[in-house]
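Enquirer: attaching a predicted model along with its sequence, questions to come.
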Amino acid sequence: MSKENWDFKLAKNPLTDKKERTRFLKFAIVGIIGAVVDFGIMNLLTHALNMSLVLAGTISFLSAITSNFIWNRYWTYPESRSRSIMRQLGMFFAVNIAGMAIRIPILKYVEEPMLNFLNGLNLNTLINAEFLAKNFTLALAVGIVMLWNFFVNRYWTYNDVDGVAD
């Protein structure tokens, strides 16, 4: 990549460009909607159906991906529809599958230490430590994966939108 191309990409990032900050804010709002879908389905599956966190988290993640794709295509990046919906969905899905590969180890390996930490605090709350551990673990995973998803989707899936050079 030439220096000019690199400078262009740096000039159009969420920290320095108003249009990109607006897109990042919309992406974050879509992410919040996705998180509601994600947390709601995860809690339903783990607590009502006694499903494991990894399986429930995978199902809830796929549900959130679907919601996020629709919102991002039509609201965050409405000008991105120069690509076919199937191609863009495939790209978005690939980015999110990589995000799931980041997410699953977090769910698998952070839940138990989080539960041990919370139990060690001897919290006297109406909400039990297991519920908190599952939700704090998922929140950590969602935050990390959101950053991955924004930057990779912005510069790959939605690179046909003004502000990103091919």
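Expert: Here it is on my side, so go on.
Enquirer: what number of residues lie near residue 140?
Expert: The number of residues packed near residue 140 is 16, by other C-beta atoms under 10 Å. (C-beta placed from N, C-alpha, C; glycine too.)
Enquirer: where does it land in three-state SS?
Expert: At residue 140 the chain is in helix, as set by DSSP: H, G, I helix; E, B strand; the rest coil.
Enquirer: tell me who's in contact with it.
Expert: By C-beta atoms under 8 Å, 6 or more residues apart in numbering, the residues touching residue 140 are 106, 110.
Enquirer: for residue 114, see how far away it is.
Expert: In this view, residue 140 and residue 114 are 8 Å apart by C-beta to C-beta, to the nearest Å.
Enquirer: next one: residue 156
Expert: From residue 156 to residue 114 the distance is 32 Å (C-beta to C-beta).
Enquirer: again, but for residue 97
Expert: According to C-beta to C-beta, residue 97 and residue 114 sit 25 Å apart.
Enquirer: the two - which one has more neighbours?
Expert: Neighbour totals were compared for residue 97 and residue 114, and residue 114 leads with 19 against 12 (other C-beta under 10 Å).
Enquirer: roughly how far apart are the residue nearest the centre of the chain and residue 47?
Expert: The chain has residue 146 as the residue nearest its centroid, 3.5 Å off, counting by C-alpha atoms, centre = their mean. Plainly put, residue 146 is 24 Å away from residue 47 if you go by C-beta to C-beta.
Enquirer: how about residue 136?
Expert: Taking C-beta to C-beta as the measure, residue 136 falls 15 Å from residue 47.
Enquirer: please say which of these two ends up with more neighbours.
Expert: More crowded of residue 136 and residue 47, by other C-beta under 10 Å: residue 136, with 17 against 13.
Enquirer: do you know the pLDDT at the spatially closest residue to the more buried one that is not a sequence neighbour?
Expert: Leaving aside its chain neighbours, residue 136 sits nearest to residue 114 (5.5 Å; criterion: C-beta to C-beta, 6 or more residues apart in numbering). On the pLDDT scale, residue 114 is placed at 95.
Enquirer: and residue 114, what is it in contact with?
Expert: By C-beta under 8 Å, 6+ apart, residue 114 lies in contact with 133, 136-137.
Enquirer: and stretch 81-96, how far out from the chain middle?
Expert: Centroid separation for stretch 81-96 versus its chain: 16 Å, with C-alpha atoms, centre = their mean, to the nearest Å.
Enquirer: quick check: mean pLDDT of that stretch?
Expert: 90.
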